[in-house]
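[1] coordinates only, no sequence provided:
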């Protein structure tokens, strides 16, 4: 059995601290000051974690194996590391730190693993559903600055966090991809892979801070248990439901029931 | 500009803490108690890191990209996540926590990314170099317990941390693979990819703790700057050099100069 007298315990603690100090010092000559800060703090926190939980070698093996699986399932269309960051809340924390509240500006939320930047251009008032099934939603609103001026020519990119690409805000359609290691982590921790139903927006306009956000559906039971922690009170919107046959605001008559929602976007000025 | 009054600052701090608390709580129902401890502590330390360094979204992007590269270069023969753990000192810390000093037992060190468990069996006294170039080394020693009894039938696996497979302890032959993301990290932080020259051992015997260790070469200038922090004083051994023509202990006469080294291995009993 290992010697566990107080002396041996303090010698062990000193030996462990000495490993951390040596590793931190090894990064002292990093030419880029910010990189030095980032890696040295990473070493300190990573080691503090391992010491706090008394990480075993078998657990370290499993962590290596888990990260390997995350790496191998990641490709051009699926980003499992982003998903991992999302379910550990790191994505929302990073968004929250970098896009603090500015007046009445629209709040930001997670980017998610599904954005593709070659989406087709649709004119204002156009239909982005491309024939997808589900209840159509009419979305309208304005884009203005925090001082109230309308922002002309803002670019609005819209997507839905669903692998199947449905532009649909019916309850229960949204979940994160859960057939990989992140899904296994959620299952092993009794967490749900479901997301609160949402539509995903990225809004850009010269001179203004880029906004990445969602709108959520008022009344969705999943709002309190979003697997990526993306829900913010201010982003929950009222979707009004209309029966089949009632004309939409553009005069068209949807074949089935449809919904509408208003989303007024407020952008803060670009910093710096 | 963001509002940076004390009130706004404390509201921001509260909002950030609230993200962490929500994420930690989301793991409360993890059925396996140890897994719950591991993931909740991971969330706390990961978030504490991000908050301490005020991680930017661009830096988060780069971290995702870096981990993706680590995942994609990892395959059956190269384990870049282990290499990353090694250069961040996490591997040595984990070894140190799990294999504390026990009496005069041989100290352990990093496993490394190169072990393959289908190595050929060589009888005691045999040649494992398989015709590799470099100065041959005669290694001899005993395997005994911490109470002094010889351990019969111990299995000794020997390898060298070099992709090319040279069983060679000449100075300057050893470096970690540095053509991938971990090599880029070392370059960006002005750290060397060199390892102190070493021979790698894994020793197993029923009833005893598995030992993974190296022996290092006394006088190697790289001893003070080993890229994976694997050097321990007790593992530095004297390699005695002999001129060409001098017979080896088994009576054979090596064609060129050769070295010998003694390595007496002491295994502690298996725990539990």
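    On my side now, so go ahead. As the structure is a computational prediction, the values presented were derived from the model and not from experiment.

[2] phi first, then psi, for the residue in the stretch 1-150 of chain A that chain B sits nearest to.
    Taking Cβ to the nearest Cβ, chain B has its nearest neighbour within the stretch 1-150 of chain A at residue A:71, 1.4 Å off. Where C-beta positions appear, they are placed from N, C-alpha and C, glycine not excepted. Dihedral pair for residue A:71: phi -70, psi -40, per degrees, to the nearest 10.

[3] residue contacts, it?
    A:80, A:81, B:67, B:68, B:70, B:71, B:72, B:74, B:81 (Cβ atoms under 8 Å, 6 or more residues apart in numbering or on different chains).

[4] mind redoing it with 7 Å?
    Shown in contact with residue A:71 (Cβ atoms under 7 Å, 6 or more residues apart in numbering or on different chains): B:68, B:70, B:71, B:72, B:74.

[5] in the stretch 101-250 of chain A, what residue spans correspond to helices?
    A:181-188 (DSSP state H, counting those that start in this stretch).

[6] flag every residue of it that's near chain B.
    Within the stretch 101-250 of chain A, the positions near chain B by Cβ under 7 Å from any Cβ of the partner chain are A:102, A:188, A:189, A:190, A:191, A:229.

[7] of these - the most surrounded one?
    residue A:229 (22 neighbours; other Cβ atoms under 10 Å in any protein chain shown).

[8] who's in contact with it?
    Residue A:229 sits next to A:89, A:92, B:19, B:22, B:23 when contact means Cβ under 7 Å, 6+ apart.

[9] packing partners for the host helix or strand of the third one?
    Residue B:19 is located in helix B:6-26, with elements delineated by DSSP states H and E. Identification of packing neighbours for helix B:6-26 by 3 or more Cβ pairs under 7 Å, 6 or more residues apart in numbering or on different chains; DSSP states H and E yields helix A:90-98, helix B:33-53.

[10] okay if I get those as TSV plus distance to residue B:10, mean neighbour count and mean pLDDT?
    Formatted as TSV, the helices and strands packed on helix B:6-26 follow (distance: least, Cβ to Cβ, whole Å; neighbours: other Cβ atoms under 10 Å in any protein chain shown; pLDDT from 0 to 100):
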stretch	distance to residue B:10	mean neighbour count	mean pLDDT
helix A:90-98	14	23	95
helix B:33-53	14	18	98
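
[11] which residues in chain A form strands?
    For chain A, applying DSSP state E gives strands covering A:137-140, A:143-145, A:155-159, A:198-204, A:211-217, A:236-237, A:240-242, A:258-262, A:265-267.

[12] need the least confident one among those strands, by mean pLDDT.
    The minimum mean pLDDT among the strands of chain A belongs to strand A:155-159 (a mean of 88).

[13] contact partners of that strand?
    A:114, A:115, A:119, A:128, A:199, A:200, A:201, A:202, A:203, A:204, A:205.

[14] skip the chain neighbours and tell me the closest residue to the fourth one.
    The shortest distance from residue A:128 to any non-neighbouring residue, by Cβ to Cβ, 6 or more residues apart in numbering or on different chains, is to residue A:122 (5.1 Å).

[15] the third one now?
    The spatial neighbour of residue A:119 that comes closest, neighbours along the chain excluded (Cβ to Cβ, 6+ apart), is residue A:157 at 6.3 Å.

[16] what's the burial count for the one you found?
    15.

[17] that one pairs with what?
    Under the criterion DSSP bridges, residue A:157 forms beta bridges with residue A:202.

[18] residue contacts, residue A:269?
    Listed by Cβ under 7 Å, 6+ apart, the contact partners of residue A:269 are A:207, A:208, A:209.

[19] tilt between the worst-scoring helix or strand of chain A on mean pLDDT and strand A:211-217?
    Lowest on mean pLDDT, DSSP states H and E among the helices and strands of chain A sits strand A:155-159, with a mean of 88. With axes from the mean of the first three to the mean of the last three Cα atoms, to 10 degrees applied, the angle from strand A:155-159 to strand A:211-217 works out at 50 degrees.
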